[in-house]
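Chemist: this one's structure only:
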Ligand SMILES: CC(C)(COP(=O)(O)OP(=O)(O)OC[C@H]1O[C@@H](n2cnc3c(N)ncnc32)[C@H](O)[C@@H]1OP(=O)(O)O)[C@@H](O)C(=O)NCCC(=O)NCCS
């Protein structure tokens, strides 16, 4: 039910890769879903919010990440989101948490006291949409990382990676780098461009996102290099 709420809430969100529901299920499996709240109306789950622990490079502990927060489209604008954010922050305080960060619209989250702090960053995320709120003490200085469960590949990225693995050759693969899915895979460094204009797969980068694809990609890349070392197979033009 939570999955349906997250999918529906983010369906037309311009920046979402539609992976929030995967994140929640991975957080749950990893026993890392610190707070998971739902709002029910007549027994129907209409909204959900999650909080999970983050790590900060300066060693500060006891900070949390808010997200995703989702309200079914037909229930948006009824203050449910506000109530859930406030409830979650209240719970964090009661656990003696020191603060909370999130990636989201400052125009919405500033009402809860979240703001941009130049000394606190999240690599790869534009600073203007990375905001923090201290619940106790100072705002740390450093780089924040959310739980591993936030590193997800979208379905269309998985399809594109599957194509790359299938089409992979000794000297790499040709891809359309103007394609926005390929662009996103390049940004994640799963593919790297070679001087010859072809692209190499980087299984080690894939491992951070998806262990199945990592194993398949590693197998494919190893097979190709084995073929490359075999003089007879090497003579065969791909
Ligand atoms: C963002 C979201 C959680 C807000 O929940 P909600 O219940 O619809 O919001 P509320 O009714 O509590 O809104 C309170 C105020 O925030 C404003 N607001 C709501 N969504 C906003 C948005 N995306 N940007 C800016 N302001 C927003 C409302 O206009 C309202 O303003 P007001 O106090 O001036 O009247 C919900 O709209 C949602 O699920 N959106 C899709 C998923 C998403 O974007 N999640 C957040 C990123 S993790």
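Modeler: Happy to help now that I have it. Every value quoted in this text rests on a predicted model; they were computed, and no experiment measured them. Numbers count the residues shown, from 1 in each chain.

Chemist: what's the burial count for the residue in the chain that the ligand sits nearest to?
Modeler: Evaluated by CB to the nearest ligand atom, the chain has residue 81 as its residue closest to the ligand, separated by 2.1 Å. Where you see a C-beta, it was placed from the backbone N, CA and C, and this is true even at glycine. By other CB atoms under 10 Å, the residues close to residue 81 number 20.

Chemist: dig out what the nearest residue to it once chain neighbours are set aside forms beta bridges with.
Modeler: Closest residue in space to residue 81, ignoring its immediate chain neighbours: residue 71 at 5.1 Å, by CB to CB, 6 or more residues apart in numbering. Note on residue 71: beta-bridge partners residue 47, judged by DSSP bridges.

Chemist: show me which residues of this structure sit near the ligand.
Modeler: Residues of the chain found near the ligand (CB under 6 Å from any ligand atom) are 9-10, 13, 67-71, 76-82, 104-105, 107-108.

Chemist: on that earlier part again, part of a helix, is the residue of the chain closest to the ligand?
Modeler: Yes - according to DSSP: H, G, I helix; E, B strand; the rest coil, residue 81 belongs to a helix.

Chemist: follow-up on the earlier one: who's in contact with the residue nearest to residue 81?
Modeler: Shown in contact with residue 71 (CB atoms under 8 Å, 6 or more residues apart in numbering): 5, 9, 39, 46, 47, 78, 80, 81, 84.

Chemist: how about those in JSON lines, adding pLDDT and distance to residue 61?
Modeler: Below are the contacts of residue 71 laid out as JSON lines (pLDDT from 0 to 100; distance: CB to CB, whole Å):
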{"residue": "5", "pLDDT": "97", "distance to residue 61": "31"}
{"residue": "9", "pLDDT": "96", "distance to residue 61": "31"}
{"residue": "39", "pLDDT": "98", "distance to residue 61": "30"}
{"residue": "46", "pLDDT": "98", "distance to residue 61": "34"}
{"residue": "47", "pLDDT": "98", "distance to residue 61": "29"}
{"residue": "78", "pLDDT": "97", "distance to residue 61": "36"}
{"residue": "80", "pLDDT": "98", "distance to residue 61": "31"}
{"residue": "81", "pLDDT": "98", "distance to residue 61": "28"}
{"residue": "84", "pLDDT": "98", "distance to residue 61": "25"}
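
Chemist: which of those residues sit farthest apart?
Modeler: Using CB to CB, the contacts of residue 71 span at most 14.1 Å, a distance reached by 5 and 78.

Chemist: hmm, residue 32 is touching residue 54, no?
Modeler: No - look at residue 32 against residue 54 with CB atoms under 8 Å: they stay out of range, at 10.5 Å.

Chemist: more neighbours: which of the two?
Modeler: The residue with more neighbours, out of residue 32 and residue 54, is residue 54; 23 against 14, by other CB under 10 Å.

Chemist: just the helices in this structure please.
Modeler: Secondary structure of the chain by DSSP state H: the helices cover 2-10, 20-29, 80-94, 106-109, 155-167, 180-187, 203-207, 211-229, 231-235.

Chemist: between residue 5 and residue 78, which is the more surrounded one?
Modeler: residue 5 (25 against 14).

Chemist: wait, what's in contact with that one?
Modeler: Residues near residue 5 by CB under 8 Å, 6+ apart: 38, 45, 46, 47, 48, 70, 71, 72.
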